[in-house]
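A.B. asks: Take a look and give me a structure for this.
(2 chains)
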Amino acid sequence: NAGVTQTPKFQVLKTGQSMTLQCAQDMNHNSMYWYRQDPGMGLRLIYYSASEGTTDKGEVPNGYNVSRLNKREFSLRLESAAPSQTSVYFCASSEGRGNLHGYTFGSGTRLTVV
Amino acid sequence: GDSVTQMEGPVTLSEEAFLTINCTYTATGYPSLFWYVQYPGEGLQLLLKATKADDKGSNKGFEATYRKETTSFHLEKGSVQVSDSAVYFCALSSSGSARQLTFGSGTQLTVLP
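C.D. replies: Residues are numbered from 1 along each chain as shown, chains lettered A, B, ... in the order given. Reported below is the predicted structural model:
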């Protein structure tokens, strides 16, 4: 099925460990996004990539880095995990400029940092 | 900056009751407005959208009208079902180059049989 695929679905890290969340889309979308979802706070944008080769900070970028590997893939890296990064992470993609069609979301990665 | 304010939940209704979830926004220019739904353990799915003032988005019995004069985009459904139990997010599309979405905090809806 066409869509956005995220891996892994669940992860437990110890404080200070690093990991990379993977995201791939097969809809030929130009723009990709990483959000985190926390109770009572909705979704907050971490980083986005308007097109292949570009990335920009969102609302809450501290502690994260991203790589737009190619048009299909957009990864999120935690270099030194902290308990405050315990959250559900969603990757999304869209056609880009105009965004009249909304986003397509992945099913999420539930991350716990202990 | 852009912001979205949703009515706080949780909301609990009996099956076949009328649903309203309020959403108001602050934005420059002319944003597009969206409602997303999230079922337990899943990602967000686009429910409906409206791209200009007075547009009405509709899907699966849900409706919302883009009201520029009141900066609102309230979600309504005439008769809810147990299967409508989910978290509902209001969102707007900014005027930035990537048109990133700004989300409200979400409203948890539970429908009882």
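
A.B. asks: which parts of chain B sit against chain A?
C.D. replies: For chain B, the residues in contact with chain A (CB under 8 Å from any CB of the partner chain) are B:4, B:32, B:34, B:36, B:41-46, B:49, B:51, B:89, B:93, B:97-106. C-beta: built from backbone N, CA, C; applies to glycine.

A.B. asks: among those residues, which are in helices?
C.D. replies: Counting by DSSP state H, the residues of chain B next to chain A place none of their members in helices.

A.B. asks: Narrow the residues you listed to just the buried residues.
C.D. replies: B:4, B:32, B:34, B:36, B:43-44, B:46, B:49, B:51, B:89, B:93, B:98-106 (16 or more other CB atoms under 10 Å in any protein chain shown).

A.B. asks: Mind checking which of those residues land in strands?
C.D. replies: B:4, B:32, B:34, B:36, B:44, B:46, B:49, B:89, B:93, B:101-103 (DSSP state E).

A.B. asks: Same list (those) but as TSV, adding pLDDT.
C.D. replies: Listed next are these as TSV, based on pLDDT from 0 to 100:
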residue	pLDDT
B:4	93
B:32	89
B:34	94
B:36	95
B:44	91
B:46	92
B:49	93
B:89	94
B:93	85
B:101	85
B:102	88
B:103	90
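
A.B. asks: any idea which of the residues you listed is closest to residue A:7?
C.D. replies: residue B:44 (18.2 Å; CB to CB).

A.B. asks: does the closest one have beta-bridge partners, and which?
C.D. replies: residue B:38 (DSSP bridges).

A.B. asks: Now do the contacts for it.
C.D. replies: Counting by CB atoms under 8 Å, 6 or more residues apart in numbering or on different chains, residue B:44 touches A:43, A:90, A:92, A:103, A:105, B:36-38, B:89.

A.B. asks: and if you look at residue B:17?
C.D. replies: Contacts of residue B:17 (CB under 8 Å, 6+ apart): B:79-80, B:111.

A.B. asks: which residues touch residue B:83?
C.D. replies: Residue B:83 touches residue B:111, counting by CB under 8 Å, 6+ apart.

A.B. asks: what kind of secondary structure is it in?
C.D. replies: helix (DSSP: H, G, I helix; E, B strand; the rest coil).

A.B. asks: low-scoring stretches of chain B, by residue?
C.D. replies: Across chain B, the ranges flagged by pLDDT under 70 are B:95-99.

A.B. asks: Swap in 90 and give it another go.
C.D. replies: B:1-2, B:7-9, B:27-32, B:40-43, B:51-52, B:93-102 (pLDDT under 90).

A.B. asks: Just the buried residues of stretch A:57-67, please?
C.D. replies: So stretch A:57-67, judged by 16+ other CB under 10 Å, has buried residues A:58, A:60-61, A:64, A:66.

A.B. asks: In these, find the pair that's most separated.
C.D. replies: A:60 and A:66 (12.6 Å).
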